[in-house]
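*Asks:* sequence unknown, structure follows:
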């Protein structure tokens, strides 16, 4: 790919959207635990909805989104939605103590926190 290729200026959201238009039914993600397959179209629609929800909760783009998710499809979707929303991704490590997690959240000051219930 040449340095002047316009694809180098595309965001992850734009790349996903373009691929969803090109090959909507092609598998993009496969859940290793369940074997469920998610097409480019599925993931594009889900990340677009999630990015819209981020915007409704915090209309200022560029905010930090902290997430505490295990290795699953929702982790990838959260990452892509945050990128689409132009947010900053703050991954939290699940094996930290509660005090350590609180400290990380206080230091990074995310506008949104995405987590899975215990």
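*Replies:* Here it is on my side, so go on. The structure presented is a predicted model; accordingly, all values stated were derived computationally and were not measured.
*Asks:* mind listing the helices for the protein?
*Replies:* Using DSSP state H, the helices found in the chain span residues 12-22, 40-57, 73-84, 98-108.
*Asks:* for the longest one, packing partners?
*Replies:* Contact analysis of helix 40-57 by 3 or more Cβ pairs under 8 Å, 6 or more residues apart in numbering; DSSP states H and E lists helix 12-22, strand 27-30, helix 73-84 as its packing neighbours. C-beta here means a position set from N, CA and C on the backbone, and glycine is covered the same way.
*Asks:* adding mean neighbour count, write those out as a markdown table.
*Replies:* Below are the helices and strands packed on helix 40-57 laid out as a markdown table (neighbours: other Cβ atoms under 10 Å):
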| stretch | mean neighbour count |
| --- | --- |
| helix 12-22 | 15 |
| strand 27-30 | 15 |
| helix 73-84 | 21 |
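*Asks:* closest one to residue 66 among the ones you listed?
*Replies:* helix 73-84 (9.9 Å; Cβ to Cβ).
*Asks:* ok, the residue nearest to residue 82 when sequence neighbours are not counted - contacts?
*Replies:* Among residues not flanking residue 82 along the chain, residue 65 sits closest, at 4.5 Å (Cβ to Cβ, 6 or more residues apart in numbering). By Cβ atoms under 8 Å, 6 or more residues apart in numbering, the residues touching residue 65 are 54, 78, 82, 85, 87-90, 110-114.
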